[in-house]
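J.: next one to model:
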Amino acid sequence: MFKHLKLDINAVKERDPAAKSTLEILLCYPGLHAIMFHRVAHWFYNKKFFFLARFISTIARFLTAIDIHPGAKIGEGVFIDHGIGVVIGETAEIGNNVTIYQGVTLGGTGKDCGKRHPTIGNNVVVSSGAKVLGPFRVGDNSKIGAGSVVLKEVPPNCTVVGIPGRIVVKENKRISLVSTGIDLDQVRLPDPVAQELDELRKRVAELEKYFYNSMGRGKDEAL
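T.: Below is the predicted model of the structure:
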């Protein structure tokens with residue numbers, strides 16, 4: 001457990017420029033507190049002390065405003081930044097070095113038993129207010145844009161934005177903005193609506209050109 005704690009503290013230091021000291025992180029970061037509570041609750045959950053596990057997670061939710069089911073599996077170096085309103089379901093699985101911002105939901109889509117929550121790969125960033133719903137995988141090194149609703153699998157090294165979520169960057173070759181290799185940029189994301197409008201403009205221009213050529217005169221003459 002102390003090994004996990006050290007890695008979780010280091011994750012905060014690496015990814016939050018506002019963090020000034022280890023003591024500040026230990027005492028003032030609810031995301032870290034929620035993960036610490038969860039690791040204890042998850043241990044009891046695995047030992048089939050379900051009520052005690054759920055009771056610990058309820059205390060954690062009351063203290064941190066972060067709701068993590070004790071059955072969820074969370075890897076090393078996970079950083080929940082700000083954290084208010086984060087919900088992580090029972091069968092969710094989170095890999096190593098994942099960053100989750102406030103208002104994120106890793107949820108299910110129905111009352112099915114068994115695996116019904118997403119699996120988040122390593123080095124993934126899930127931005128503010130994003131909803132990832134269903135029993136699919138978000139691949140390693142991917143990014144979910146703020147406010148997105150993701151309902152299907154995301155390949156590795158992709159950026160997803162929008163409602164429903166659409167892949168706007170695949171196999172991103174941009175140089176990472178941080179030395180840890182995790183790109184936390186949530187602003188300079190492609191706009192899928194603008195991209196579609198650009199494609200429509202190009203298509204209209206092509207159709208106009210074809211129309212006027214078929215009429216045997218240029219556009220200026222027709223006007």
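
J.: mind listing the helices for this protein?
T.: For the chain, the helices defined by DSSP state H cover 2-15, 22-28, 30-46, 50-64, 192-214, 219-222.

J.: neighbouring contacts of the fourth one?
T.: Surrounding helix 50-64, the residues in contact under the criterion C-beta atoms under 8 Å, 6 or more residues apart in numbering are 30-31, 33-34, 37-38, 40-42, 44-45, 66-71, 83. For the C-beta atoms, the positions are set from N, CA and C on the backbone; glycine is no exception.

J.: try 7 Å
T.: 30, 33-34, 37-38, 40-41, 44-45, 66-70, 83 (C-beta atoms under 7 Å, 6 or more residues apart in numbering).

J.: now the third one
T.: Taking C-beta under 7 Å, 6+ apart as the criterion, the residues outside helix 30-46 that touch it are 1, 4-5, 8-9, 12, 25, 52-53, 56-57, 59-60, 63-66, 68, 70-71, 74, 78-81, 83.

J.: any idea how far the spatially most central residue of the chain lies from I100?
T.: Nearest to the geometric centre of the chain sits V126, at 1.7 Å (C-alpha atoms, centre = their mean). Separation of V126 from I100 (C-beta to C-beta, to the nearest Å): 5 Å.

J.: and what of I68?
T.: 10 Å.

J.: returning to what we had before: mean neighbour count, the helices of the chain: which tops it?
T.: Mean neighbour count, computed with mean count of other C-beta atoms under 10 Å, is highest for helix 30-46 among these, reaching a mean of 20.

J.: now for the contacts of helix 50-64, which pair is the farthest apart?
T.: Distance extremes for these: the farthest pair is F44 and G83 at 22.0 Å, using C-beta to C-beta.

J.: for V104, which residues are in contact?
T.: V104 sits in contact with V86, V126, A130, where contact means C-beta under 7 Å, 6+ apart.

J.: which one of the residues you listed is nearest G162?
T.: A130 (10.6 Å).

J.: how close does that closest one get to C28?
T.: Taken as C-beta to C-beta, the span from A130 to C28 is 25 Å.

J.: likewise for D8?
T.: Counting by C-beta to C-beta - D8 and C28 are separated by 14 Å.

J.: now D140
T.: Taking C-beta to C-beta, one finds D140 at 30 Å from C28.

J.: can you give the domain ranges for this protein?
T.: Per automatic domain parsing, the structural domains of the chain span 2-188, 191-223.

J.: got a pLDDT number for P17?
T.: With respect to pLDDT, P17 scores 89.

J.: follow-up on the earlier one: lowest average confidence across the domains of the chain, which one?
T.: Averaging pLDDT over each of the domains of the chain puts domain 191-223 lowest, since it has a mean of 74.

J.: ok so, going back, now the contacts of V104 in TSV, please, with extra columns for distance to K111.
T.: Output for the contacts of V104, formatted as TSV (distance: C-beta to C-beta, whole Å):
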residue	distance to K111
V86	22
V126	24
A130	23
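
J.: nearest to K115 among the residues you listed?
T.: Nearest member of those to K115, counting by C-beta to C-beta, is V126, at 18.8 Å.

J.: so V169 touches C158, yeah?
T.: Yes: look at V169 against C158 with C-beta atoms under 7 Å: they come within range, at 6.3 Å.

J.: many thanks, have a good one.
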